[in-house]
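In: I'll drop the sequence and a predicted model, then ask my questions.
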Amino acid sequence: MYAIGIDLGGTSIKGALVERGQGLVHQHTLDTESDEGPSHVLDRITTVVRELRSHAPSVSVEGVGIGAPGSIGWTRATVRRPPNFPGWMDINVRDEIQRRLGEQLPVLVENDANAAALGSAFYGAGRPYDDFIMITLGTGVGGAIIYKDRIFRGSTGGAGEIGHMTIDYEGPFARSGVAGAIEAYLGQRFLSRHARYRLMTRDDSVIHNMAQEDLLGITPKMLYDAACSGDEGAREVLAWAGHKLGCVLGSCVNLLDIRTIVVGGGLSAAGDYILDATRSAIVRFVTPGLRENLLVIQETLGNEVGMLGAARLIFEYLDEQPPDSEDPVDRSRPSA
């Protein structure tokens, strides 16, 4: 059985043709070009889907799973006001993709962090654990809850928005409008800006040889590369980010009593430069009775985990359909 998994990010659209037993078969990526508006982005997603279908063997592709930022309703069709996507309100992505493809191929849309968590649960670092919290560090900060190997979606499908949890009600505003949200510290643009100001006067930092004049071109990837070369200033910035992450994850553990944390997304590639500080900080923000067996681990599959999880949406969805179901994309309330 084959499905297509799409990871819709603020910077790029990553897609993969996935075989249920084998995993990734073929990948294709396009720039998102989100500033061009919703219709343009939907066209780009459709282009990726068509390219991947052209690489499928003689058997048909069973459906398309899409991990997207923003709140996703129970029908797994509509994306509601995704952050970092100008001009988006509430858009039925399922219908729009089906219309562009010109057929009723099953299309399921899920929050991108939820999709990544599902991929981790069945293919990645989360496989040994029935329950864990997923945090994704990229253009924004995403979160998801896996309970008994299933996505916990809350009452309307929007649970797990850890990136919009505040650690300081008088702190900087994230693009969601929440003051002091963790995304206002660790989202790619926010972290780069913080690093720029912090390292601007650190003449000993190799970042000055990597970024543009006045450090205007600094990126999280540069911070990681500099840290690996021994740059103390870059290591301090990443440890600062890890501390902030530990603050919010402590609250998550207190709320959910789930003590395994899987950290994914592009920034997670910094590994222990961030996660050591997270492990130190989280203990300080968890009530004593819940501190035993706290575990913070790095997702090992990188960008692949989101695409694998999106494809698994299709595999699970089809498994749950009755044999005589005529329209597997039109049920009202999937299980959590």
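Out: Looks like it arrived, so ask away. Keep in mind the model is a prediction, meaning the values are calculated, not measured.
In: Can you tell me the element residue 301 falls in?
Out: Assigned by DSSP states H and E, residue 301 falls within no helix or strand.
In: per-residue pLDDT, the closest residue to it other than its chain neighbours?
Out: Take residue 301 and drop its neighbours on the chain: the residue closest to it by Cβ to Cβ, 6 or more residues apart in numbering is residue 124, 4.3 Å away. (C-beta placed from N, C-alpha, C; glycine too.) Model confidence at residue 124, given as pLDDT, is 94.
In: what do you get for residue 212?
Out: 84.
In: just so I have it, where are all the helices in the chain?
Out: Here the chain has its helices, by DSSP state H, at 38-53, 93-101, 112-123, 183-186, 188-199, 220-228, 232-256, 272-284, 304-319.
In: re earlier: okay but the residue nearest to residue 301 is in contact with residue 298, surely?
Out: No: here residue 124 does not reach residue 298: they are 10.0 Å apart, not a contact under Cβ atoms under 8 Å.
In: intersection of neighbour lists for the two?
Out: 262, 264 (Cβ atoms under 8 Å, 6 or more residues apart in numbering).
In: and the two? which has more neighbours close in?
Out: Higher neighbour count among residue 124 and residue 298: residue 124, with 22 against 17, using other Cβ atoms under 10 Å.
In: show me what contacts residue 60?
Out: Residue 60 touches residue 2, counting by Cβ under 8 Å, 6+ apart.
In: Look up how far residue 174 lies from it.
Out: 42 Å (Cβ to Cβ, to the nearest Å).
In: which regions of the stretch 1-150 of the chain lie under the pLDDT threshold?
Out: 58 (pLDDT under 70).
In: Strands along that one, start to end?
Out: Per DSSP state E, counting those that start in this stretch, the stretch 1-150 of the chain carries strands over the ranges 2-8, 12-19, 23-31, 61-68, 71-72, 78-80, 90-92, 107-111, 132-137, 141-147, 150-151.
In: Could I get the ones you listed in a markdown table, plus columns for mean neighbour count and distance to residue 233?
Out: Converted to a markdown table, the strands of the stretch 1-150 of the chain look like this (neighbours: other Cβ atoms under 10 Å; distance: least, Cβ to Cβ, whole Å):
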| stretch | mean neighbour count | distance to residue 233 |
| --- | --- | --- |
| strand 2-8 | 28 | 32 |
| strand 12-19 | 23 | 29 |
| strand 23-31 | 15 | 31 |
| strand 61-68 | 26 | 34 |
| strand 71-72 | 22 | 37 |
| strand 78-80 | 20 | 39 |
| strand 90-92 | 17 | 42 |
| strand 107-111 | 27 | 35 |
| strand 132-137 | 28 | 20 |
| strand 141-147 | 25 | 23 |
| strand 150-151 | 21 | 39 |
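In: how many neighbours does residue 262 have?
Out: 27.
In: what residues are up against it?
Out: So residue 262 contacts 117, 120, 124-126, 129, 132-135, 297-299 (Cβ under 8 Å, 6+ apart).
In: so what pLDDT did it get?
Out: So residue 262 comes in at 98 (pLDDT).
In: Can you give me the domain assignment for the chain?
Out: Here the domain assignment for the chain is 2-115+303-319, 128-298, based on automatic domain parsing.
In: what sits against residue 96?
Out: Taking Cβ under 8 Å, 6+ apart, we find residue 96 in contact with residue 42.
In: now it: how far from residue 307?
Out: Look at residue 96 and residue 307: by Cβ to Cβ, they are 20 Å apart.
In: So the residue nearest in space to the middle of the chain versus residue 119, what's the distance?
Out: Nearest to the geometric centre of the chain sits residue 113, at 3.6 Å (Cα atoms, centre = their mean). Distance, residue 113 to residue 119, using Cβ to Cβ: 11 Å.
In: what's the answer for residue 224, then?
Out: 23 Å.
In: Quick check: beta-bridge partners of the nearest residue to residue 260 once chain neighbours are set aside?
Out: Ranked by Cβ to Cβ, 6+ apart and with sequence neighbours excluded, the top spatial neighbour of residue 260 is residue 132, at 4.1 Å. Beta bridges link residue 132 to residue 146 when assigned by DSSP bridges.
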